[in-house]
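> Pasting the sequence and the predicted model now:
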There are 2 protein chains.
Amino acid sequence: MLQGTLDMLILKALSLGALHGYGVIQRIRQTSDEMLNVEQGSLYPALYRIEQKGWVSSKWETNETGRRAKFYSLTRAGRKQLEEEEASWDRLVLAIAKVRQAT
Amino acid sequence: MLQGTLDMLILKALSLGALHGYGVIQRIRQTSDEMLNVEQGSLYPALYRIEQKGWVSSKWETNETGRRAKFYSLTRAGRKQLEEEEASWDRLVLAIAKVRQAT
DNA sequence: CGCGATGCCTAGAAAGACGAGGCATAATAG
DNA sequence: CTATTATGCCTCGTCTTTCTAGGCATCGCG
């Protein structure tokens, strides 16, 4: 996958509600109609980075099946960051569209 | 800039006609309405990689002002590669749009 | 004459994604 | 009952790509 988009996808997934890491992967896969598959080796380091930056907070909880898991939720800063990354993404998509339209 | 899009931009720029490295930077900047600025330190290594892969070929020529410059032109394989990268880009944009639409 | 633009290049650092592995428990298949 | 798959977490090393910062040469213009 393209480097730089993962943070946005994770933040977006968490914007739909708190979730544990493994669930983030599933949510991204589902909401993208199976088009995006995030590897665990990419996700967990990314979650760590993102938490260090204060965009998410985590706590260990127990899910509905009785398993313990680390649940992440968006912070206010994370919500702001998501907006910025989406805007930045839109700019990039627009810029590349322009180049591709050039004759 | 996002990692992974540079090759496509270079190939696209060259699809409009052969050009030397410095000119590729200008063409990308112009066609993107100044939104994309490729650094020389990114471009020249990228051109080298792309040539190694057989997507472009180069030869030293003299431009209209009498300066020598290395002109790159798309090969058939390069044209094919450009199509693939554009299709792949479209898929990614679609996939991310889906995730962002999710409620 | 000096400086910015044009033109090429490299080396090193930084970042991020990935594959492969390790570990543990629960559910399911055989 | 046992073996495999799914769920859940993590780390390490590698690879790729981009950027910053430099170096070098020539041309045009003020």
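Received, thanks.
> tell me which parts of chain A are close to chain B?
Applying Cβ under 8 Å from any Cβ of the partner chain, we find that chain A lies next to chain B at A:1-5, A:8-9, A:12-13, A:16, A:28, A:31-33, A:35-36, A:86, A:89, A:91-96, A:98-103. All C-beta atoms are positioned from the backbone trio N, CA, C, and that covers glycine.
> overlap between these and the residues near DNA strand C?
With Cβ under 7 Å from any atom of the strand as the criterion, the residues of chain A next to chain B include A:1-5 near DNA strand C.
> Just give me the closest of these to residue A:22.
Nearest to residue A:22 among these is residue A:1, at 17.9 Å by Cβ to Cβ.
> is it true that that closest one touches residue A:38?
Yes - counting by Cβ atoms under 8 Å, residue A:1 touches residue A:38, with 7.4 Å between them.
> more neighbours, those two?
With neighbours defined as other Cβ atoms under 10 Å in any protein chain shown, residue A:1 and residue A:38 compare such that residue A:38 has more, 21 against 15.
> what's the closest non-adjacent residue to that one?
With sequence-adjacent residues excluded and distances taken as Cβ to Cβ, 6 or more residues apart in numbering or on different chains, residue A:38 is closest to residue A:25, at 5.0 Å.
> On the three-state scheme, residue A:59 is what?
strand (DSSP: H, G, I helix; E, B strand; the rest coil).
> just residue A:29 next, same as before
Residue A:29 ends up helix, using three-state DSSP.
> Just give the number of residues close to whatever residue of chain A ends up closest to DNA strand C.
The minimum distance from chain A to DNA strand C, using Cβ to the nearest atom of the strand, falls at residue A:41 (2.4 Å). Applying other Cβ under 10 Å, we find 8 other residues in the vicinity of residue A:41.
> That one falls within a helix, correct?
Yes - assessed by three-state DSSP, residue A:41 belongs to a helix.
> Check the gap between it and residue A:52 for me.
Separation of residue A:41 from residue A:52 (Cβ to Cβ, to the nearest Å) stands at 18 Å.
> Where is the longest helix in chain A?
helix A:76-101 (DSSP state H).
> what packs against that helix?
Using 3 or more Cβ pairs under 8 Å, 6 or more residues apart in numbering or on different chains; DSSP states H and E, the elements in contact with helix A:76-101 are helix A:6-15, helix B:6-15, helix B:21-31, helix B:76-101.
> ok, and the closest non-adjacent residue to residue A:103?
That would be residue B:16: by Cβ to Cβ, 6+ apart, it lies 7.2 Å from residue A:103.
> Quick check: pLDDT value at residue A:6.
As predicted, residue A:6 sits at a pLDDT of 97.
> residues touching it, list them.
A:38, A:42-43, A:46 (Cβ atoms under 8 Å, 6 or more residues apart in numbering or on different chains).
> By neighbour count, which of those residues wins?
Neighbour counts for the contacts of residue A:6 (other Cβ under 10 Å) peak at residue A:38, which has 21 neighbours.
> Let me know the helix or strand that that residue is in.
In this structure, residue A:38 is located outside every helix and strand according to DSSP states H and E.
> most distant residue from the middle of chain A?
In chain A, counting by Cα atoms, centre = their mean, residue A:103 sits farthest out from the average C-alpha position, at 35.7 Å.
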